[in-house]
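*Asks:* Whatever this is, show me its structure:
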Amino acid sequence: MAKGYSEEEAIKLAKESNLKQTKNRSNEKISKSLKKLYQNLTNEQIKNKQKRDKIHSIRMKKKNKTHSPIFKEYWIAKGMNEDEATLKMNEVRYGHRKNGVEHASKIELKFFNELKEFLKIDIIQNKWLRIDNKNFCADGKYNNLIFEFNGTFFHMDNRFYTKNDKNPRGVSFDQVKEKDDIKISYYLKKEYDIFIIWEYDYINNKEKLFNYIKEVINAKESNRERIYWDSSSFFNKC
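*Replies:* Sure thing, here's the model as predicted:
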């Protein structure tokens, strides 16, 4: 500023100068500087400095986390409890992966678009839930109702696959079923109503499927009975 620069210009030039100096300093030069610094310190001073550096590092990490919405600490600082903050963090951090074509298959997106239009309700797709300190991403959620859309190949429809098979990712039949069962068990524990829709039933029985879902949702408003419905079991009986 003494050279006639404005405050904004001076700050910009100072940052550029610091960045240039840092880039020009080789690792060897930095190492020599640190050795020289420690040579002039006693063992006790070195321990105290290392302790202070560690504390400073921890404080800076915490400070940085409270300034970024991809960290839980940011939302806690905003007044959320830990569970709420964890869910919000997941929505922000992984939202781009859990929405649209990056996560859902084209047929899943088509299913939810058509179902929302048919039912005239707003189903939240890829909704993060926190149950007993575990995170789950439901394919669709409407009020207390969870929709899970299971692809024939990746979720290994029992009508087409056996225990000897693996899905396209190389995961065994038993592993796929165990993962799906765990997810459903947590939903039931939280007393969510559940619709499990299989890709095969959507393709082959869409009209009957949509009408049945509509009937169940309408009946639910006057009936307190829990819903746990699997389209494969339903259509096998038809």
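
*Asks:* Next up, identify which helix or strand residue 91 is on.
*Replies:* helix 82-94 (DSSP states H and E).

*Asks:* Give me the distance from that helix to the chain's centre.
*Replies:* Chain-centre distance of helix 82-94: 8 Å, with C-alpha atoms, centre = their mean, to the nearest Å.

*Asks:* helices or strands up against it?
*Replies:* helix 72-77, strand 124-131, strand 134-142 (3 or more C-beta pairs under 8 Å, 6 or more residues apart in numbering; DSSP states H and E). Where you see a C-beta, it was placed from the backbone N, CA and C, and this is true even at glycine.

*Asks:* and the shortest one, how far out from the chain's middle?
*Replies:* Relative to its parent chain, helix 72-77 has a centroid offset of 16 Å by C-alpha atoms, centre = their mean.

*Asks:* Which positions within it qualify as buried?
*Replies:* Buried residues in helix 72-77, counting neighbours by 16 or more other C-beta atoms under 10 Å, are found at 72, 73, 74, 75, 76.

*Asks:* contacting residues for the nearest residue to the last one once chain neighbours are set aside?
*Replies:* Using C-beta to C-beta, 6 or more residues apart in numbering and skipping residues adjacent in sequence, the residue nearest residue 76 is residue 85, 4.7 Å away. Residues near residue 85 by C-beta atoms under 8 Å, 6 or more residues apart in numbering: 72, 73, 74, 75, 76, 78.

*Asks:* measure the last one to residue 124 for me?
*Replies:* Distance of residue 78 to residue 124, given as C-beta to C-beta, to the nearest Å: 21 Å.

*Asks:* sorry, back to before: quick one: which of the contacts of residue 85 is nearest residue 175?
*Replies:* The closest of the contacts of residue 85 to residue 175 turns out to be residue 72 (C-beta to C-beta; 29.4 Å).

*Asks:* Please list all residues in contact with the closest one.
*Replies:* Contacts for residue 72 (C-beta under 8 Å, 6+ apart) come out as 65, 82, 85, 86, 89.

*Asks:* Run a quick neighbour tally on residue 115.
*Replies:* 23 (other C-beta atoms under 10 Å).

*Asks:* re earlier: ok, then the element right after the helix holding residue 91?
*Replies:* helix 106-119.

*Asks:* What angle do strand 124-131 and that next one make with each other?
*Replies:* With axes from the mean of the first three to the mean of the last three C-alpha atoms, to 10 degrees defining the directions, helix 106-119 sits at 100 degrees from strand 124-131.

*Asks:* of the contacts of residue 72, buried ones?
*Replies:* 65, 85, 86, 89.

*Asks:* give the contact list for the last one.
*Replies:* Read that as residue 89. Counted by C-beta under 8 Å, 6+ apart, residue 89 has contacts 69, 70, 71, 72, 74, 75.

*Asks:* Check residue 142 too.
*Replies:* 121, 122, 123, 124, 217.

*Asks:* Save the buried ones among the contacts of residue 72 as JSON lines, and put in distance to residue 227 and pLDDT too.
*Replies:* JSON lines is the format used below for the buried ones among the contacts of residue 72 (distance: C-beta to C-beta, whole Å; pLDDT from 0 to 100):
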{"residue": "65", "distance to residue 227": "40", "pLDDT": "72"}
{"residue": "85", "distance to residue 227": "30", "pLDDT": "83"}
{"residue": "86", "distance to residue 227": "27", "pLDDT": "83"}
{"residue": "89", "distance to residue 227": "30", "pLDDT": "80"}
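
*Asks:* Thanks a lot, see you next time.
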